[in-house]
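Undergrad: This is a predicted model, with the sequence first.
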Amino acid sequence: MTKGKITEIDPQGSSRMIRTRGGDPDLIILDVRTAAEHEMVRIEGSVNIDLRSPTFEAELEKLDRKKTYLVYCLVGIRSREAAKAMERLGFEKVISMAGGIREWHRRGLPVVGR
């Protein structure tokens, strides 16, 4: 990953990254769906900041720009939008999960909820 460049990986690649870096405090799994969506079903260990919230960018401002962020949503549209905002704000390592939690779940990867 190059600084300022958004990377996109599929759910299998995301799952491998999470397993490989398990417990790494520098890897943040960021769910940009609504709080209700996040509560219903999510990737274990993910944190939630709603892309559509009026405080979204203010919440991003509080985050460490040097950490690695794996960003996901329902199908990948909001995560790409959030990743672009993060890039604009100077985040160094942003990865958008293609297909979102829907594809993650479809491929039988583990979720919390439901």
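TA: All right, it came through fine.

Undergrad: Leu109 reaches Ser15, doesn't it?
TA: Yes - with contacts counted by CB atoms under 8 Å, Leu109 reaches Ser15, the gap being 5.2 Å. All C-beta spots, glycine's among them, are computed from the backbone N, C-alpha and C.

Undergrad: how about the residue nearest in space to the middle of the chain, secondary structure?
TA: Centroid-nearest residue in the chain: Val71, 1.6 Å away (criterion: CA atoms, centre = their mean). For Val71, the assignment made with DSSP: H, G, I helix; E, B strand; the rest coil gives strand.

Undergrad: Quick one: list the elements packing against the longest helix along the chain.
TA: Secondary structure of the chain read by DSSP state H shows that its longest helix is helix 77-88. For helix 77-88, the contact count by 3 or more CB pairs under 8 Å, 6 or more residues apart in numbering; DSSP states H and E identifies strand 6-9, helix 56-61, strand 68-72, strand 93-97, helix 100-106 as packing neighbours.

Undergrad: hey, C-alpha coordinates of that helix in CSV?
TA: Provided in CSV are the C-alpha atoms of helix 77-88 (Å, rounded to 0.1, in the frame of the first residue of the first chain):
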residue,chain,number,x,y,z
ILE,A,77,-20.2,1.6,-2.0
ARG,A,78,-20.1,3.4,1.4
SER,A,79,-16.7,1.9,2.2
ARG,A,80,-15.2,3.3,-1.0
GLU,A,81,-16.7,6.7,-0.2
ALA,A,82,-15.4,6.6,3.3
ALA,A,83,-12.0,5.5,2.1
LYS,A,84,-11.8,8.5,-0.2
ALA,A,85,-12.7,10.8,2.7
MET,A,86,-10.0,9.2,4.8
GLU,A,87,-7.5,9.6,2.0
ARG,A,88,-8.4,13.3,1.7
